[in-house]
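# sequence and predicted model, in that order:
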Amino acid sequence: MYFYLDTAKVDQWEHWLTKGLFYGVTTNPILLEQAQVPCSLAQLQQLATQAFQLGAQEIHLQTWGTEVAELVARGQAIAAIDQRAVVKVPITLAGTEAATQLLTQGIRVTLTGVYAIHQVLIAAAIKANFAAPYLGRITALGENGPQQLATMQQILDRTHSSTKLLVASIRNIEEMTYLATQGLDTFTLSPSIADELFAVEVTQKAALAFEDAANRMR
């Protein structure tokens, strides 16, 4: 099981990466904007350094640009930051072409913005390392998000693809738990969902009871 922390807010990294729960972090330009971090290669370099210092084993950083050449050039620069950096690329036509070029150079790639089942065929065909479907957003569009992602995983399993699904836009833990029963094992979580993992009231009460008993028997 691999958990990533889906935020560009360093204070959240400082809180969560010390817990031993998260393998790495994922970001994108929207998350950078929310954290008031400029979308520049210099800032991505700084963020990567901070993430690794805090214990992250991997960081996913997104390239940007409207032309293939721009996406490739920035992707190359992101990959040069550190061997533990994975380049996120939108799964558009231009993005797929850019991703293919990056992959042929030995650069690891996540195709992001996956909304349709057939898009995992694209990711598998170019042998992308990851494909990132937006679970919550798919469900918000009126689709059965968990079932669609389960079908995506079936496609990858039955075609013996090396591409892994990196589940993003998780809105509730129940859907994540269901997907784990379907063989999905890589999830990126917002800090609020990370909090919910530990918001089990009876467990909290049990922990207090254990502490009370320990104090009484000192």
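Great, that's in hand.

# which parts of the protein are strands?
Counting by DSSP state E, the chain has these strands, from start to end: 2-6, 24-26, 58-62, 85-90, 109-114, 130-133, 164-165, 186-189.

# can I get those in a markdown table including distance to M176?
Backbone N, C-alpha and C define where each C-beta goes, glycine included. Below are the strands of the chain laid out as a markdown table (distance: least, Cβ to Cβ, whole Å):
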| stretch | distance to M176 |
| --- | --- |
| strand 2-6 | 10 |
| strand 24-26 | 15 |
| strand 58-62 | 18 |
| strand 85-90 | 20 |
| strand 109-114 | 16 |
| strand 130-133 | 13 |
| strand 164-165 | 12 |
| strand 186-189 | 6 |
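
# nearest to E70, of those strands?
Nearest of the strands of the chain to E70, taken as Cβ to Cβ: strand 85-90 at 11.3 Å.

# each with direction, which strands does the closest one pair with?
Partner strands and pairing direction for strand 85-90 (DSSP bridges) are strand 58-62 (parallel), strand 109-114 (parallel).

# now it: mean pLDDT?
For strand 85-90, mean pLDDT rounds to 98.

# who touches that strand?
Around strand 85-90, the neighbours that count as contacts under Cβ atoms under 8 Å, 6 or more residues apart in numbering are 26, 28, 48, 58-63, 71, 75, 78-79, 95-96, 98-99, 102, 107-113, 129-130, 132.

# go through it and flag the buried ones.
Using 16 or more other Cβ atoms under 10 Å as the test for burial, strand 85-90 gives 85-90.

# and which of those is nearest to A124?
Closest to A124, out of all of the buried residues of strand 85-90 and judged by Cβ to Cβ, is V89, at 15.1 Å.
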